[in-house]
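I'll drop the sequence and a predicted model, then ask my questions.
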Amino acid sequence: AVQAYLWSLPYTAMGQWQDEQRTKFGAHNLQYVDYLDFKDKLGLLTANATTPYSMVFPDLSKTGPLVFVIPPGALAGGIADFWQRPLTDTGALGPDAGKGGKFLILGPDDPDLNPEGYFVFRSPTNSVWAGARGLDADLAKAKAVIAGLQVYPYSERDNPQVREHIRPEGRKWSGEQPRGLAYWELLSRLINENPVIERDRITLGGLVPLGIEKGKPFSPNERQKKLLIDATNVGELMARTNGYAKRFEGATVWPGKKWEISLFLKETNQETPTHTQIDERASWFYEAVGVTVGMMGRTVGAGQLYLEASKDANDAWLDGGKHYTLRIPKDAPVAQFWSFTVYDNETRCFVDTGTYPDRSSRDGILTNSDGSVDLYFGPTPPAGKPAQNWIKTLPKKGWFTYFRLYGPTQPYFDRTWVLPDIQPLN
């Protein structure tokens, strides 16, 4: 059961978010939800507070093949199956190359189609996830680009219905995978709603004695309930350890530093030539959502890169009741911008202080005379330091951070630019 928990984390993250959009926001099967500010994103696992997002989670078994309309402009996104394996990137690193286009997604049982004027892909799962972020430095332009995202059944292609986007608008929601029996109830639903993938047959077989079997309702007995509840508790601790104290060879960015590569998959399909990366996959999908080619941090001057720290320079866990500083050296290796975001290490969402949990090179932060930037973290503003460079944390709450590089440049890849560790302050 514990191994099944780790195995299913990317799957249940998708199911949870799909449920939240439908039940909390009232989104229908083909309706995008826009997350435009940090308050909209409070339930989103390790969101970036700088860029606006838009997401949709349609079930193709209810619609047949779907057309996703991607507008031209500064946009980065993708379409993925419900195991969060990308079918295609969209936008800058997609086949549309930022010029926009129509993407035709076929379900597992749909007949082959290859009409002119479409980028065609097939999903192995009935439910899919399409999401994008607007990258323009002008926030109004970024919002306008994602407002142009549309999805409709291929059967509507001659006269497609325009579907309005909605927003959370203050409604409380959570993208965290459920805990306790709710986790397994969700997993059972997903197993029943989607085809079996050959890769997963042994794990699915291991779930049968635990009361989860395709084609059958979730109705565990008391013994099974206890096992499943224990497994979510132990499994989450293992996933958290995988995420915040990685043991993966090569995950440390700079020797002797605490910064780690957060998205540490060999390939976007989560496979190596010899095995599925179950622990590396669980590490990322416990604390984040989504994988695209652009997110792998392999393209000089394009895409995104995610560096993570959970400890300070003294190897102590970051503590919301203490004060810290970080000096970002001049000439950060980015073609677009960098951002630094603080997350609660239990919810994996923004530290919910009621204040902005992120600082970026696009903000009005104070820069030192040599081009470096000093950031500060703690429950109160640091005395004598610029308040605009401070991110508030919460006492009695642990935190971790992502340092994102948008359009990483060569000094990162050859490691000539080094990000120091986060330093405790007296």
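Here it is on my side, so go on.

so which residues of the stretch 251-400 of the chain form strands?
260-261, 304-309, 323-328, 334-344, 358-360, 373-378, 390-392, 399-408 (DSSP state E, counting those that start in this stretch).

in a markdown table: those, plus mean pLDDT and distance to residue 165.
Every C-beta, even on glycine, is put in place using the N, C-alpha and C of the backbone. Formatted as a markdown table, the strands of the stretch 251-400 of the chain follow (pLDDT from 0 to 100; distance: least, CB to CB, whole Å):
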| stretch | mean pLDDT | distance to residue 165 |
| --- | --- | --- |
| strand 260-261 | 97 | 33 |
| strand 304-309 | 96 | 23 |
| strand 323-328 | 98 | 35 |
| strand 334-344 | 96 | 24 |
| strand 358-360 | 96 | 23 |
| strand 373-378 | 98 | 33 |
| strand 390-392 | 97 | 29 |
| strand 399-408 | 97 | 24 |
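
from what I can see residue 388 touches residue 363, true?
Yes. Assessed by CB atoms under 8 Å, residue 388 is found in contact with residue 363 at 7.3 Å.

more neighbours: which of these two?
residue 363 (16 against 10; other CB atoms under 10 Å).

how about that one, what does it touch?
residue 388 (CB atoms under 8 Å, 6 or more residues apart in numbering).

quick check, pLDDT for the residue lying farthest from the centre of the chain.
Centroid-distance maximum for the chain: residue 384 at 35.9 Å, with CA atoms, centre = their mean. The confidence metric pLDDT takes the value 93 at residue 384.

would you list the phi and psi of it?
phi 80, psi 10 (degrees, to the nearest 10).

tell me the pLDDT at residue 50?
At residue 50, pLDDT is 89.

residues contacting it?
337, 339, 358, 360, 362.

hmm, 7 Å instead?
The contact partners of residue 50, by CB atoms under 7 Å, 6 or more residues apart in numbering, come to 339, 358, 360, 362.

the last one and residue 138 touch, don't they?
Meaning residue 362. No. Between residue 362 and residue 138 there is no contact under CB atoms under 7 Å: 10.3 Å.

quick one, which of these two is more surrounded?
residue 362 (15 against 10).

OK, contacts around the closest residue to the more buried one other than its chain neighbours?
Distances taken as CB to CB, 6 or more residues apart in numbering put residue 337 closest to residue 362, at 5.0 Å, once the chain neighbours are dropped. Residues in contact with residue 337, defined by CB under 7 Å, 6+ apart, are 360, 361, 362, 406.

and residue 337, what are its bridge partners?
Beta bridges link residue 337 to residue 406, judged by DSSP bridges.

for the one helix or strand residue 76 maps to, enumerate its sheet partners and note whether each is parallel or antiparallel.
Secondary structure assignment for residue 76, by DSSP states H and E: strand 75-81. According to DSSP bridges, strand 75-81 forms sheet pairs with strand 86-91 (antiparallel), strand 128-134 (antiparallel).

how about these in TSV, adding mean pLDDT, distance to residue 246 and mean neighbour count?
As requested, the strands paired with strand 75-81 are exported to TSV (pLDDT from 0 to 100; distance: least, CB to CB, whole Å; neighbours: other CB atoms under 10 Å):
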stretch	mean pLDDT	distance to residue 246	mean neighbour count
strand 86-91	96	23	24
strand 128-134	97	25	25
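
select, out of those, the one closest to residue 216.
For residue 216, the closest of the strands paired with strand 75-81 is strand 128-134, at 24.9 Å, according to CB to CB.

ok, and what's touching that closest one?
With CB under 7 Å, 6+ apart, strand 128-134 has contacts from 14, 51-58, 60, 68, 74-82, 90-91, 105, 142-143, 145-146, 149, 151, 290.

what of stretch 84-93?
Outside stretch 84-93, the residues that reach it (CB under 7 Å, 6+ apart) are 10, 14, 70, 75-81, 94-96, 98, 103, 105, 119, 121, 123, 132, 268-270, 285, 289-294, 299, 302-303.

quick check: end-to-end length of it?
End-to-end span of stretch 84-93 (CA to CA, to the nearest Å): 17 Å.

in JSON lines, list the strands paired with strand 75-81 along with distance to residue 426.
Putting the strands paired with strand 75-81 into JSON lines (distance: least, CB to CB, whole Å) gives the following:
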{"stretch": "strand 86-91", "distance to residue 426": "46"}
{"stretch": "strand 128-134", "distance to residue 426": "38"}
